[in-house]
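Novice: Any chance you can model this:
(chains A and B)
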Amino acid sequence: ETGVTQSPTHLIKTRGQQVTLRCSSQSGHNTVSWYQQALGQGPQFIFQYYREEENGRGNFPPRFSGLQFPNYSSELNVNALELDDSALYLCASSLGGRETGELFFGEGSRLTVL
Amino acid sequence: QQQVKQSPQSLIVQKGGISIINCAYENTAFDYFPWYQQFPGKGPALLIAIRPDVSEKKEGRFTISFNKSAKQFSLHIMDSQPGDSATYFCAAFSPGGTSYGKLTFGQGTILTVHP
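Specialist: Numbers count the residues shown, from 1 in each chain, chains lettered A, B, ... in the order given. From the prediction side, this is the model:
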């Protein structure tokens, strides 16, 4: 059973640029959620994908968008990067959209915006 | 209210001691309460979790105590070890709508266990 894998692990962008982060869900999991973790804070829910559709979003602007593919892997895209977007972006996979809170996290992608 | 409040922010204990971290919530729609352990540079790892129909759950040295009427829950780490030094997050899971659910995290507790 493979765990959640994310790429890249670290990246540096400048303000105004765009970034794409990738996530492969744990084997057998059909739901992917994305969380943003600022330094010294708990993770904040960005959105969730289930059956290739976004089915829930937290308090994040539309420049945060995503995709889920038929193999349940997912991408997080952030446009027009701002300095405050610097954070650890975590992908979590689970089985089912709302039936369980048992989420398994990847190690994250550390984004630095200069 | 979607907040989960966690205390203390940091905690220092001696090897062999008991570490206790507390969390409180407001939203009665929360129906699953996990604790995550996070080491520097790593993602959160699910440690132990409880549902509100149970008052206590124990797994090895880790115990969750849950008080539904007070809307509080806590993590107890018995016989704390230096390897337990990490950041601990409580969380609460709620249905965010008709088809999805999300975790709301506390602010985290940095635990340091001195040898």
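Novice: Strand partners (parallel or antiparallel) of the worst-scoring helix or strand of chain A on mean pLDDT?
Specialist: Least confident helix or strand of chain A, by mean pLDDT, DSSP states H and E, is strand A:53-57 with a mean of 88. Taking DSSP bridges as the criterion, strand A:53-57 forms sheet pairs with strand A:44-50 (antiparallel).
Novice: Format the CA atom coordinates belonging to the partner strand as PDB.
Specialist: These are the backbone C-alpha positions of strand A:44-50, laid out as PDB (Å, rounded to 0.1, in the frame of the first residue of the first chain):
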ATOM      1  CA  GLN A  44      -6.500  25.200   6.900                       C
ATOM      2  CA  PHE A  45      -8.900  23.500   4.500                       C
ATOM      3  CA  ILE A  46      -8.700  24.700   0.900                       C
ATOM      4  CA  PHE A  47     -10.900  22.300  -1.000                       C
ATOM      5  CA  GLN A  48     -11.800  18.700  -1.600                       C
ATOM      6  CA  TYR A  49     -12.100  16.700  -4.700                       C
ATOM      7  CA  TYR A  50     -14.300  13.600  -5.100                       C
END
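Novice: just how off-centre is it within its chain?
Specialist: Distance of strand A:44-50 from its chain centroid, counting by Cα atoms, centre = their mean, to the nearest Å, is 7 Å.
Novice: I'd like the mean pLDDT over it, please.
Specialist: If you average the pLDDT over strand A:44-50, you get 93.
Novice: who's in contact with it?
Specialist: The set of residues external to strand A:44-50 that reach it, using Cβ atoms under 8 Å, 6 or more residues apart in numbering or on different chains, is A:30-38, A:54-60, A:64, A:66-68, A:74, A:76, A:96-97, B:96, B:99-105. From N, CA and C alone the C-beta is placed, and that goes for glycine too.
Novice: Would you mind naming what in chain B lies close to chain A?
Specialist: B:6, B:31-32, B:34, B:36, B:41-46, B:49, B:89, B:91, B:93, B:95-108 (Cβ under 8 Å from any Cβ of the partner chain).
Novice: Strands - which of those residues land there?
Specialist: The strands, defined by DSSP state E, take in B:6, B:34, B:36, B:45-46, B:49, B:89, B:91, B:93, B:95, B:101-105 from the residues of chain B next to chain A.
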